[in-house]
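Undergrad: Pasted the sequence and its predicted model underneath.
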Amino acid sequence: MQEPISEVNLSSIDLDWNGAIAFLDRDGVLNYGSPNYINSPDELEVIPGAKEAIDDLRKMGYRIAITTNQSAIMRGLWQKDTIHAIHKKLQEIVGPIDVIMTCPHRNRDRCGCRKPMPGMLNQASQIIRGLTHPIPDWWGDKPKSHHHLDLMVGDRNSDMGAGWAVGARLFQVDEKIGIRQVIERIKQNDEGDDFRPT
Ligand SMILES: [Zn+2]
């Protein structure tokens, strides 16, 4: 398995699209994370304010792509059907998400999708608007985004790195607060956090 797992709902989502994509990490942004992974729908607890933030993004016209590293899969803890069950419950709470990309790999699998690599963001962008980015020069200038409002919300530097690699505005949050920490800044079209890959 070299590819990320993709779940696509575009056909069920009817909205006026502004052309931009909101790339969101999952654990620590929409639901509370755990050092032992989220292993079942029962363990999924949505962070207060996450549903309202998703609603706000939709009203602003964003399409939404969740990109989540879940190496528990390649560690053999559970299978794809578990991820589908968890994401079914997540969407029952926060509403439908256009594209959900899950990287099942560990560092040693050396895939192109485990953040900070931008593979999941690129595949979501390909599905949503038929555009991807080249592999970035991590020591060079920040790449240019396909839309000036593209954004990435995450709690880790690896999220910021993946967003940087596709030129997105970057919003880093505390894992206990999640996306509600930055939604007002997003509504004001804030240019996002400064970040340099290291
Ligand atoms: Zn991967």
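TA: Perfect, thanks for sending it.

Undergrad: For the rest of this, base every contact and every neighbour count on C-alpha atoms.
TA: Noted.

Undergrad: Pull out the buried positions in stretch 179-193.
TA: Using 16 or more other Cα atoms under 10 Å as the test for burial, stretch 179-193 gives Ile179, Arg180, Gln181, Val182, Ile183, Ile186, Gly192.

Undergrad: Wait, the fourth one touches Asp174, no?
TA: I take that to be Val182. No - using Cα atoms under 8 Å, Val182 makes no contact with Asp174, being 9.9 Å away.

Undergrad: Can you tell me the element the residue nearest to Gln79 when sequence neighbours are not counted falls in?
TA: For Gln79, ignoring the flanking residues on the chain, the nearest one in space by Cα to Cα, 6 or more residues apart in numbering is Ile73 at 5.8 Å. Ile73 is located outside every helix and strand, with elements delineated by DSSP states H and E.

Undergrad: where along this protein do the strands fall?
TA: 5-8, 21-24, 63-69, 99-103, 151-154, 169-172 (DSSP state E).

Undergrad: hey, least reliable of those strands by pLDDT?
TA: Mean pLDDT values for the strands of the chain show the minimum at strand 5-8, a mean of 94.

Undergrad: just the angle between the longest helix anywhere in the chain and strand 99-103, please?
TA: Longest helix in the chain by number of residues, with DSSP state H as the criterion: helix 80-94. Angle of helix 80-94 versus strand 99-103, following axes from the mean of the first three to the mean of the last three Cα atoms, to 10 degrees, is 140 degrees.

Undergrad: Quick check: residues of the protein near the ion?
TA: Cys103, His105, Cys111, Cys113, Arg114 (Cα under 5 Å from the ion).

Undergrad: Mind giving me the PyMOL select for those residues, buried ones only?
TA: In PyMOL, this line selects whichever of the residues of the chain next to the ion come out buried by 16+ other Cα under 10 Å:
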select buried, resi 103+105+111+113+114
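
Undergrad: and of the residues of the chain next to the ion, the nearest to Ile127?
TA: The closest of the residues of the chain next to the ion to Ile127 turns out to be Cys113 (Cα to Cα; 15.0 Å).

Undergrad: Please name the residues that touch Ile83.
TA: Ser40 (Cα atoms under 8 Å, 6 or more residues apart in numbering).

Undergrad: do that again at 10 Å, thanks
TA: Ile5, Glu7, Ile38, Asn39, Ser40, Pro41, Gln70, Ile73, Thr102, Pro104 (Cα atoms under 10 Å, 6 or more residues apart in numbering).
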